[in-house]
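>>> Just a sequence and a predicted model for now, questions to come.
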Amino acid sequence: MVKVITYGTYDLLHYGHIRLLERAKALGDYLIVGVTADDFDKQRGKINVRQSLMERIEAVRATGFADEVIVEEYEGQKIDDIRKYDVDIFTVGSDWVGKFDYLNEYCQVIYLPRTEGVSSSELRESDSPVRLGLVGDARFVSKLWREVPFVNGLRVAALCTRSGALSAQGRREGLTLVTEDYDGLLDAVDAVYLRSRPEEHAFQIRRALERGKHVLCESPLTLSRREGEELMALAKEKKLILMEAIKTAYATAYARLLLLVKGGRIGEVLSVDAACTSLRGPDDAAEWNGIHEWGPTALLPVFQMLGTDYRDCRIASRFRDGGHDSFTKLDFVYEHAVASVKVGDGVKTEGELIVSGTGGYLYVPAPWWKTDYFELRCEDPADNKRWFYQLDGEGIRYELVAFTRAIERGRLISDIGENVTLAIASVMESFDAKRNMVLL
């Protein structure tokens, strides 16, 4: 029996894929098809894949050419698979000529001509892209702008800002609309990304939803729980996407860490300690509280790992002359656990994340919010383990992909639950009211 193996993403399976599988099948008696996992695609820079892994696997199976379908999950797996399945022929499209010659040491390598004039990338790009409007004055808007081109199905169409530097960038980029008029921006876009001041969020979100626009809003979504609940209800009524932006939530390493915690890898979680601080502060520091800038990120692991039903929250803050906090510490008490959060613009501490459990602890070094590496540490050092994951664009592009997919599907499957969004808003509300607060 001659065994043949081939690999691909098979996103939006089309005639070209089918012809390639058909020719691969004709090379032997038994065809194994490797479908790349979502995480492996991200590592290879293919973050714009439209379909889930299971959807792509089912599409390959439906062609009837694959005798066996496997999942490709890591670099170097091709050699392992060739040995494991006793493969005779490795084949792939001719656009990879020379790339896999090294596999000739293990089996015969055949490059098959691809069907001209059709590709998954072209199919994705042929869709009308979502016209995104950027709103805000901070330098982060420029960083966000640089990530949009990595996401198929999305383009920056307009900019609303009071920043002269951002306005100049918009004109250099050839935008047809650079304005300070938010309503004018809404006329020109399908969706908005809000990086405006937190106190403006509720109004801007409501205005966008009322005008039929999808919203991706930098956290905190709102500064009160009631406003958050009302806006979520309005988005559902209008059948629009309202999504909170915390880029850490979309980092592969952070998602894996969360799965380990939920899976009981460190036993029962008794403590979560997170710190996010900066001496420099944001470029609009005079208009931002440190709790608004860093609080949502630091609160994310607390609420995702311990839940939002805490018994008590104590706040200690130091305020600068402008009336905004430069440092805030929050201490949470749960029924069977505790959490501590330190945030600030104007103070510096080790920006690490430590999750303590009855079976060990997870350690993420500074800056943990750009998670690409973490450790499991146990009583016996021989049981310690490390995980490494590539993080491109600080997670911003993955966040944009999630938003674009939600718009395409007409439903939000967010990495940040509504209960977490509302719990963050509740903390902001308590801070603004100075409830359970000690002034330093």
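Here it is on my side, so go on. Residues are numbered from 1 along each chain as shown.
>>> Show residues contacting the host helix or strand of V341.
Using DSSP states H and E, V341 sits in strand 338-345. Contacts of strand 338-345 with the rest of the structure, by CB atoms under 8 Å, 6 or more residues apart in numbering, involve 270-278, 280-282, 285, 288, 290-291, 293-295, 298-299, 302, 306, 310, 325-332, 349. To be clear about C-beta, it is placed using only N, CA and C from the backbone, and glycine gets the same treatment.
>>> can you map out the strands along the stretch 1-150 of the chain?
Counting by DSSP state E, counting those that start in this stretch, the stretch 1-150 of the chain has strands at residues 3-8, 30-36, 68-72, 89-93, 108-112, 130-136.
>>> so what's D88 up against?
Here D88 is in contact with 2-4, 28, 107-108 (CB under 8 Å, 6+ apart).
>>> And the pLDDT for the closest residue to E268 other than its chain neighbours?
Counting by CB to CB, 6 or more residues apart in numbering, T358 is the residue found nearest to E268 once chain neighbours are left out, at 4.7 Å. T358 carries a pLDDT score of 97 in this model.
>>> Which neighbours in the sheet does the strand holding V341 have, and how are they oriented?
Strand 338-345 sits in its sheet next to strand 269-278 (parallel), strand 325-333 (antiparallel), going by DSSP bridges.
>>> wait, which of those is closest to E394?
strand 269-278 (13.4 Å; CB to CB).
>>> now this protein, which segments are flagged as low pLDDT?
Residue ranges of the chain with pLDDT under 70: 39-48, 50, 115-127, 280-287, 322.
>>> Without its sequence neighbours, what residue ends up closest to the spatially most central residue of it?
Nearest to the mean C-alpha position of the chain, by CA atoms, centre = their mean, lies Y250 at 2.3 Å. Spatially, and ignoring its direct neighbours in sequence, Y250 is nearest to Y398 (3.9 Å; CB to CB, 6+ apart).
>>> residue contacts, D325?
289-291, 317-319, 344, 431.
>>> out of those residues, who's nearest V69?
I291 (48.7 Å).
>>> So for stretch 233-244, first residue to last residue, what's the gap.
Criterion CA to CA, to the nearest Å; first-to-last residue distance in stretch 233-244 is 14 Å.
>>> Can you list the neighbours in contact with it?
191, 205-206, 209-210, 212-217, 219, 221, 231-232, 296, 402-403, 406-407, 410, 412, 414, 416, 421, 424.
>>> run the last query once more with 7 Å
The contact list for stretch 233-244 (CB atoms under 7 Å, 6 or more residues apart in numbering) reads 205-206, 209, 212, 214-217, 219, 221, 231-232, 403, 406-407, 410, 412, 414, 416, 421.
>>> Just give me the neighbour total for G64.
Per other CB atoms under 10 Å, the neighbour tally for G64 reads 11.
>>> Can you tell me the element L400 falls in?
Judged by DSSP H and E, L400 forms part of helix 396-409.
>>> Let's see that helix as CSV, backbone CA atoms only.
Extracted in CSV, the C-alpha atoms of helix 396-409 (Å, rounded to 0.1, in the frame of the first residue of the first chain):
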residue,chain,number,x,y,z
ILE,A,396,-4.3,43.5,19.1
ARG,A,397,-4.6,41.7,15.7
TYR,A,398,-6.1,38.6,17.3
GLU,A,399,-8.7,40.9,19.0
LEU,A,400,-9.5,42.5,15.7
VAL,A,401,-9.9,39.1,14.0
ALA,A,402,-12.4,38.0,16.8
PHE,A,403,-14.3,41.3,16.2
THR,A,404,-14.4,40.8,12.4
ARG,A,405,-15.5,37.2,12.7
ALA,A,406,-18.3,38.1,15.1
ILE,A,407,-19.6,40.7,12.6
GLU,A,408,-19.5,38.1,9.8
ARG,A,409,-21.3,35.5,11.9
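>>> Could you list every helix and strand in contact with that helix?
helix 140-147, strand 242-245 (3 or more CB pairs under 7 Å, 6 or more residues apart in numbering; DSSP states H and E).
>>> Report the buried residues of the next helix-or-strand element following it.
As assigned by DSSP H and E, the chain's next helix or strand after helix 396-409 is helix 418-433. Buried residues in helix 418-433, counted by 16 or more other CB atoms under 10 Å: 420-431.
>>> now the helices for the chain?
For the chain, the helices defined by DSSP state H cover 15-26, 38-43, 53-63, 77-84, 120-126, 140-147, 164-172, 182-187, 198-210, 225-238, 252-262, 290-306, 396-409, 418-433.
>>> most tightly surrounded among these?
Across the helices of the chain, the average number of neighbours (mean count of other CB atoms under 10 Å) peaks for helix 290-306, which reaches a mean of 25.
>>> From R195, how far off is L103?
46 Å (CB to CB, to the nearest Å).
>>> the more surrounded of those two?
R195 (22 against 17).
>>> What is the burial count for the closest residue to the more buried one other than its chain neighbours?
Leaving aside its sequence neighbours, R195 sits nearest to G136 (CB to CB, 6+ apart; 3.2 Å). By the measure other CB under 10 Å, the count of residues near G136 is 24.
>>> Count the neighbours of the closest residue to L221 other than its chain neighbours for me.
In space, and not counting its chain neighbours, L221 is closest to E244: 4.8 Å by CB to CB, 6+ apart. If you count neighbours by other CB under 10 Å, E244 ends up with 26.
>>> Mind listing the residues bridging to E244?
Bridge pairing for E244 - DSSP bridges - gives C217.
>>> where's it relative to L400, distance?
Distance from E244 to L400, by CB to CB: 13 Å.
>>> Got phi/psi on D380?
When read as degrees, to the nearest 10, the backbone of D380 gives phi -100, psi 110.
>>> Sounds good, over and out.
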